[in-house]
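sequence and predicted structure are below.
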Amino acid sequence: MFDGILMFLASLGGFFSFKVIFIVLWSTQLGIIVGMLPGLTATMGVALMTTLTYKMPADTAVLILMCMYIGAIYGGSRSAILLNIPGTPANAATSVDGHPLALQGKAGEAIGIATTGSFLGSIIGMFMLAFFTPILGNFALDFQSYEFFWLAIFGIIISGNLTAPKDPLKGWIAGFIGLFIAMIGMEGIHAHIRYSFGNVNLSGGIDLLPAMVGAFGMAEILNLMKSPRSVVINTPIKNVFPHPRQVLKYWKTILRSGVIGTFVGAIPGVGEDIAAWVSYDFAKRGSKEKKLFGKGSIEGLIASETGNNAAAAGAVIPVLSLAIPGSAPAAVLLAAMFIHGIRPGPLIMIESPEFVYKVVAMVFMATCAMMILGLSMVKSLVKVLQVPRTKLIPVIFTLCVMGSYALASRTFDVKVMIFFGILGYLMREMDYPVAPMILGIILGGILDKNLRRALVLSDGSFLPFVSRPICLVLIFLTIFAIIGRTVWFGKLKKQAFQMIFKKKEV
Amino acid sequence: MNEKQMRKADFITSIVLIIFGITISSMAVRMPRLEEKGINPYTAPGVVPGILGVIILFLSLIMFIRTIRQADYLPRFQKGNVKALLKDEGTVRLLISLALCLLYALVLVGHIPYILATFLFTLGFILIFDLKFDKEEGSKRKIIIFAVIQAIISSAVISVTFQYLFLVDLP
């Protein structure tokens, strides 16, 4: 415990130089701007930034990406409040109460509350990141191939469940297609080339980054250009500094949303948007001012913003301890770590524990920068929202193309980006979530190697898959996630409630 | 997409996914087992893709059965529907954006100098949308001049940044 605090302080001390502070400030500001602009998501920002920073030293690159991530998740609240269009999907819950506040002439107050909520959420998430990563990492040291197999399956199922609330079946299909995409190319045990159809480029496999830039970048561009441009509303912005009493009044909501946000963020492939909605829902249920929700409730606004920023830190917990991303931007972060030769996973607490605390220090610096930048230059930054998208989109698409190309200097990656861009767009149109597919591409290799390795270890027996304690827990969670979404389970739940409470379920 | 359209789309995608599932699992079965090399059969390359193919097939079958149990799932192609779709502003905007993106990424980049390709793409994109769809305020001449200036600046900045700062060989 004390070692951890010392390592955190040492990392923080190492970051205190003019150069690093400058990097933190510009990258967080850029993140806020990316987040603010509707259509540019945190994932797109982090993915494009990865392609731009891959020649930098590892620590600097990860710091920039972390600042970009936290800045973008926060920045999205601006457009949610001022335009009623969430800047990133993570801020959808923010617009429910943020925009009504702006319409009441309290835009400045809403921005201040959102900034404070995001700051506190990120700080809670940071503490949990520092606390749970070593615990989960040490726990994961006992994981063998059997557990990793079930973890991959659980990740896909739960991600499909939560990112496709209307129809989880589509989420699961997307996840398994992602797992299949990871099978393309040379496999890791016998170096046999699968599904390449004789194409040299395909035999190298599908790289995650061009796929992500396409699925989250190009798909978003197509989606944005399809709809007519949005009208910017001129809302007066007065004082953005919230009164401490206004924030302290909701300390329970802040704490609850922070904890919920971090946990939801840590669930593989789920992300900040779900975290914000879950926090918002819990805040509404526990509130004394339920009627205000949806009409400009400060508590609702604070809950969603605390939840989504806590999730950003929470999503990094499984990245570091299990090498499995909690959200889509965290997936890019994981890919970036691999590119820079950092190997996150259960062994990280043994091989390089200082890196974990370095990441905690990065979250802390990005959070402080977000708070400072979020409360300053508000009026001038709002002008960014007035930049016509027709001027912005061609530049973004050029970066998508160049970013995909720059990683390996091959045009094949540009084609991959285009393919996933069109696929991502079609998936969105048909209610298939993209996040489980991307998680599948990451988990595919883990699933493939571990299932085959486990079968060799057990000599073809499936008994260890279902008899080891951690496996049993993961199997139970997976089955519950599947059955919990079936119609007959809903009916059964209703009947059980009626039997137990002799009244209808509320 | 409304519910009715979604049912029709689900019907088509479930059939496509069923074919996809069958194809990948049958390809997995035909993959070499590498027995001649004395390799454990459980580590054969086709094991996992085969399982994934079967799971995808199973899930898409559920979707197929679920869709055909509802009414009005068969897509009907009528001339009027296609015409109406092509006349819809959203579809036109989408198709133009897609065409411009494909033209830039697959045709222009790599075949003409990168800076010129980016200039043409940026200029074309701004002019088509600002003059035809989003109708920016101001005279035509002003829009064209601003578009040319932005295209020159952005193509130059992006090219120079990637070439000299990130040391990438431009395509």
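Ah, there it is. Keep in mind that what you see is a predicted model, and the values were worked out from it rather than measured.

ranges for the strands of chain A?
When assigned using DSSP state E, the strands of chain A occupy the ranges A:185-186, A:193-194.

strand partners (parallel or antiparallel) of the first one?
What that stands for is strand A:185-186. Paired neighbours of strand A:185-186 in the sheet (DSSP bridges): strand A:193-194 (antiparallel).

residue 164: neighbouring residues, count only.
Reading this off chain A. Burial of A:A164 is recorded as 22 neighbouring residues (other CB atoms under 10 Å in any protein chain shown). Where C-beta positions appear, they are placed from N, C-alpha and C, glycine not excepted.

let's do chain B instead
9.

distance of it relative to B:I158?
Distance, B:Y164 to B:I158, by CB to CB, to the nearest Å: 12 Å.

do B:G90 as well
In terms of CB to CB, B:G90 sits 29 Å off from B:I158.

these two: which has the busier surroundings?
Neighbour comparison, B:G90 and B:I158: the larger count goes to B:I158, with 20 against 12 (by other CB under 10 Å).

relative to A:S27, how far out is the more buried one?
19 Å.

starting from the worst-scoring helix or strand of chain B on mean pLDDT, tell me the next helix or strand along the chain.
Taking mean pLDDT, DSSP states H and E as the measure, helix B:79-87 is the helix or strand of chain B with the lowest mean score, a mean of 76. Per DSSP states H and E, the first helix or strand lying C-terminal to helix B:79-87 is helix B:89-102.

what residues does that next one touch?
A:218, A:221-222, A:225-228, A:393, A:397, A:418, A:421-422, B:85-86, B:121, B:124-125, B:128-129, B:133 (CB atoms under 8 Å, 6 or more residues apart in numbering or on different chains).

what residue is smack in the middle of chain B?
B:L98 (8.3 Å; CA atoms, centre = their mean).

okay, that residue: pLDDT?
With respect to pLDDT, B:L98 has a value of 96.

swap in A:K502?
For A:K502, the model assigns a pLDDT of 63.

please apply the same query to B:A9.
pLDDT recorded at B:A9 is 91.

wait, is it part of a strand?
No. According to DSSP: H, G, I helix; E, B strand; the rest coil, B:A9 belongs to no strand; its state is helix.

look up how far A:A164 lies from the closest residue to it other than its chain neighbours.
Using CB to CB, 6 or more residues apart in numbering or on different chains and skipping the chain neighbours, the partner closest in space to B:A9 is A:M430 (5.2 Å). Going from A:M430 to A:A164 by CB to CB gives 11 Å.

go on, A:A114?
Distance from A:A114 to A:A164, by CB to CB: 27 Å.

circling back: what number of residues lie near the residue nearest to B:A9?
Neighbour tally, A:M430, other CB under 10 Å: 16.

my guess is it contacts B:T13, does it?
Yes. In this structure, A:M430 is within contact of B:T13 by CB atoms under 8 Å, at 6.3 Å.

just to revisit the earlier point, roughly how far apart are the residue nearest to the centre of chain B and B:L106?
According to CB to CB, B:L98 and B:L106 sit 11 Å apart.

cool, A:I237 as well?
44 Å.

near chain B, which residues of the stretch 51-200 of chain A?
Residues of the stretch 51-200 of chain A lying close to chain B by CB under 8 Å from any CB of the partner chain are A:52, A:55, A:169-170, A:172-173, A:176-177, A:179-180, A:183, A:187, A:189-190, A:192, A:194-195.

take those residues and keep only those in helices.
Counting by DSSP state H, the part of those found in helices is A:52, A:169-170, A:172-173, A:176-177, A:179-180.

please produce a markdown table containing the residues you listed, extended by neighbour count and pLDDT.
Below are these laid out as a markdown table (neighbours: other CB atoms under 10 Å in any protein chain shown; pLDDT from 0 to 100):
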| residue | neighbour count | pLDDT |
| --- | --- | --- |
| A:L52 | 19 | 82 |
| A:L169 | 20 | 93 |
| A:K170 | 22 | 94 |
| A:W172 | 24 | 95 |
| A:I173 | 28 | 96 |
| A:F176 | 29 | 96 |
| A:I177 | 23 | 96 |
| A:L179 | 30 | 96 |
| A:F180 | 24 | 96 |
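
what sits against the residue nearest to B:A9?
Taking CB under 8 Å, 6+ apart, one finds A:170, B:1, B:6, B:9-10, B:13 in contact with A:M430.

B:I153: which of those residues is nearest?
B:M1 (38.9 Å; CB to CB).

on the three-state scheme, that closest one is what?
Taking three-state DSSP as the rule, one finds B:M1 in the coil state.

show me which of A:I237 and B:L106 is the more surrounded one.
The residue with more neighbours, out of A:I237 and B:L106, is A:I237; 20 against 15, by other CB under 10 Å.

ok, the more buried one touching A:K379?
Yes. Counting by CB under 8 Å, A:I237 touches A:K379, with 5.7 Å between them.

now do the helices in the stretch 1-150 of chain A.
Under the criterion DSSP state H, counting those that start in this stretch, the stretch 1-150 of chain A contains helices at A:2-15, A:18-36, A:42-53, A:58-83, A:92-103, A:107-140, A:145-163.

the ones you listed: which one's closest to B:R66?
Checking the helices of the stretch 1-150 of chain A against B:R66 by CB to CB gives helix A:145-163 as the closest, at 15.8 Å.

counting by contacts, list what that closest one packs against.
Contacts defined by 3 or more CB pairs under 8 Å, 6 or more residues apart in numbering or on different chains; DSSP states H and E place helix A:145-163 against helix A:168-181, helix A:435-457, helix A:463-467, helix A:469-483.

tabulate these (JSON lines), appending distance to B:P41.
Below are the helices and strands packed on helix A:145-163 laid out as JSON lines (distance: least, CB to CB, whole Å):
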{"stretch": "helix A:168-181", "distance to B:P41": "21"}
{"stretch": "helix A:435-457", "distance to B:P41": "9"}
{"stretch": "helix A:463-467", "distance to B:P41": "17"}
{"stretch": "helix A:469-483", "distance to B:P41": "23"}
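
how about these, which one is nearest B:S139?
Taking these one by one with CB to CB, helix A:435-457 is closest: 44.9 Å.

can you tell if the closest one touches chain B?
Yes. For helix A:435-457, a contact with chain B is found by CB under 8 Å from any CB, at A:447-448, A:451-453, A:455-456.

in the chain, where is pLDDT below threshold?
Just going to use chain A. In the predicted model of chain A, residues A:1, A:229-236, A:501-506 satisfy pLDDT under 70.

oops, I was thinking of chain B
For chain B, the stretches flagged by pLDDT under 70 are B:134-138.

so which residues of it form helices?
B:3-29, B:47-68, B:79-87, B:89-102, B:114-128, B:140-160.

just those: most buried one?
Among these, helix B:114-128 has the highest mean neighbour count (mean count of other CB atoms under 10 Å in any protein chain shown), at a mean of 21.

convert the C-alpha atoms of that helix to CSV, please.
Below are the C-alpha coordinates for helix B:114-128, written out as CSV (Å, rounded to 0.1, in the frame of the first residue of the first chain):
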residue,chain,number,x,y,z
TYR,B,114,-0.6,13.3,-51.7
ILE,B,115,-0.8,17.1,-51.3
LEU,B,116,-2.7,17.5,-54.5
ALA,B,117,-5.1,14.6,-53.6
THR,B,118,-5.8,16.2,-50.2
PHE,B,119,-6.3,19.6,-51.8
LEU,B,120,-8.8,18.3,-54.3
PHE,B,121,-10.7,16.3,-51.8
THR,B,122,-11.0,19.1,-49.2
LEU,B,123,-12.0,21.6,-51.9
GLY,B,124,-14.5,19.3,-53.5
PHE,B,125,-16.1,18.3,-50.2
ILE,B,126,-16.5,21.9,-49.0
LEU,B,127,-17.8,23.2,-52.3
ILE,B,128,-20.3,20.4,-52.8
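
so how far is that helix off the chain centroid?
Distance, stretch centre to chain centre, for helix B:114-128: 20 Å (CA atoms, centre = their mean, to the nearest Å).

quick check: angle from it to helix B:89-102?
Put simply, helix B:114-128 runs at 170 degrees to helix B:89-102, going by axes from the mean of the first three to the mean of the last three CA atoms, to 10 degrees.
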